[in-house]
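Undergrad: with the sequence up front, the predicted model follows.
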Amino acid sequence: MAKGAKTVKAADDLVAIARERGIAYFLIAYVDLFGATRAKLVPAAAIGGMQKAGAGFAGFATHLDLTPADADMFAVPDPASLMVLPWKRDVAWLAADLWMNGQPLAQAPRVILKRKLAEAAAAGYRMRTGVECEFFLLSPDGSAVGDAGDTADKPCYDQQALMRRFDVIRAICDGMQELGWGPYQNDHEDANGQFEMNWEYDDALLTADRHVFFKFMARSLAEAHGLRATFMPKPFAHLTGSGCHAHVSLWDPTGRRNLFEDAGGELGLSGLAYHFLAGVLHHASDLCALFAPTVNSYKRLNAPATRSGATWSPNTITYGGNNRTHMVRIPEAGRFELRLMDAAVNPYLGQAAILAAGLDGIAQSRDPGRRLDIDMYRDGHKVKGARRLPLYLLDAIRLFEKSGFARTVFGADVVASYARLKMAEWDEFARSISEWERRTTLDV
């Protein structure tokens, strides 16, 4: 048994829930450091034991920087995360926390986020977030946009292209409605074949769990419609990449008062909000390896203008009002939007990084400096002293690995594990021979 696992309360009894809701199987799932979702399929007859002891996994088999000699790790499901699959209603999904040797696994992303949330709660803060999940619908082999008719130079909000994908978009949106997420809009995004679906913000852990499930649901329903949903940040060089913008606010412990909202504050934000925002700005470079975690991520961040005319992604660490050319924008009172994260972000690590940086901003009373009300795409070169984001994943890994702040807030072992795995990924990329290299140097 996973020592320290919670005693099962009657209201959370998965055996009873299975019986009441007709659930035949449970997916007990966790997310590794690379953001991949791993799971075991457990029959309802066995879920009672799994709820108490956890489902056993070999940690070395996934991206957690463990070895074959390490003990089994156990995924203990969280009943509060339960979601019945809208497309397979006798199966339910459960987010799980990883345990090893009687202790929570330090480098497990959900464990990391829960630890930061507990620190925030001890300080009297409750973070609520919403995420804008952008993704592409492609051909099954991923080589082309799935809709041959989606060819406009500026396809954003294209009604015809949106409605040609009505069946799959509706299936996903209906699923969110069935699950009670409060979806409120769906649109065709700025790239051909690209879509965004929005649901209501909530407590950060719930948003992260839903984010993980959303990716699973979108992929599953796209496959059912003969398509492939991808959250790769930049699948096509000439098209806009997929971001995952996060909308952030801090609330009091009751969840009734938004501590970021101040009618007398600049743009409706409180002093606390500006300190938090300043922390995010201050640590953006050191944490960029979490916000933009893949080799491909930096082809979104540091791209030339795309077919539509703009990348919609930041390169520089700045903030502005309701201005989408900055890394952080303030669209209205009571919240800000971080536009740095991309679609490949680990749902738990991204939230944990925002919270860690923001709490440091509050603790250190950091000042975000003067707001910039300029078009950074056109006039950004005129801003003196503006810090730029890392150009490549290699740069981001090195900054993260050397960051004293990252080691303090996440733990030196966690930082070392993540950096080691990501450096191996970079080395594999660097060893690969691209078609560009063959085309430009084969005859040198």
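TA: Sure, I can see it.
Undergrad: can you classify the closest residue to Thr294 other than its chain neighbours as helix, strand or coil?
TA: Spatial nearest neighbour of Thr294, chain neighbours left out: Ala344 (4.9 Å); criterion: CB to CB, 6 or more residues apart in numbering. From N, CA and C alone the C-beta is placed, and that goes for glycine too. When states are read from DSSP: H, G, I helix; E, B strand; the rest coil, the local structure at Ala344 comes out as coil.
Undergrad: burial of Lys382, as a residue count?
TA: Using other CB atoms under 10 Å, Lys382 has 9 other residues around it.
Undergrad: torsion angles phi and psi at the residue nearest the centre of the chain?
TA: The residue lying closest to the centre of the chain (CA atoms, centre = their mean) is Pro347, at 3.2 Å. Pro347 adopts backbone torsions of phi -50, psi -30, taken as degrees, to the nearest 10.
Undergrad: OK, contacts around it?
TA: 31, 35, 109, 131, 207-209, 211-212, 215 (CB atoms under 8 Å, 6 or more residues apart in numbering).
Undergrad: take the residues you listed and write them to CSV, including distance to Ala121, secondary structure and neighbour count.
TA: Converted to CSV, the contacts of Pro347 look like this (distance: CB to CB, whole Å; DSSP: H, G, I helix; E, B strand; the rest coil; neighbours: other CB atoms under 10 Å):
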residue, distance to Ala121, secondary structure, neighbour count
Val31, 22, strand, 27
Gly35, 25, coil, 20
Pro109, 19, helix, 28
Val131, 21, strand, 25
Thr207, 16, helix, 24
Ala208, 16, helix, 28
Asp209, 17, helix, 26
His211, 21, helix, 23
Val212, 22, helix, 24
Lys215, 27, helix, 20
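Undergrad: ok, so of those residues, who is nearest Ala412?
TA: Ala412 lies nearest to Pro109 out of these, by CB to CB, at 17.1 Å.
Undergrad: where's the closest one relative to Ala344, distance?
TA: Pro109 is 13 Å from Ala344, where distance means CB to CB, to the nearest Å.
Undergrad: what touches both of the two?
TA: For the pair Pro109 and Ala344, residues contacting each of them under the criterion CB under 8 Å, 6+ apart are Gly35.
Undergrad: any idea how far Arg335 lies from Gly241?
TA: For Arg335, the distance to Gly241 under the criterion CB to CB works out to 24 Å.
Undergrad: one more: Gly411?
TA: The separation that Gly411 has from Gly241, given CB to CB, amounts to 31 Å.
Undergrad: so between the two, which is more surrounded?
TA: Set side by side, Gly411 and Gly241 give different neighbour counts by other CB under 10 Å, the larger being at Gly241 (28 against 15).
Undergrad: what's the local residue count around Arg378?
TA: Neighbours around Arg378, by other CB under 10 Å: 9.
Undergrad: quick revisit: thought the residue nearest to Thr294 was touching Asn296?
TA: Yes: counting by CB atoms under 8 Å, Asn296 is a contact partner of Ala344 at 7.2 Å.
Undergrad: so which elements touch the helix or strand hosting Ala171?
TA: The secondary structure element spanning Ala171 is helix 166-179 (assigned by DSSP states H and E). For helix 166-179, the contact count by 3 or more CB pairs under 8 Å, 6 or more residues apart in numbering; DSSP states H and E identifies strand 183-188, strand 194-199, helix 204-224 as packing neighbours.
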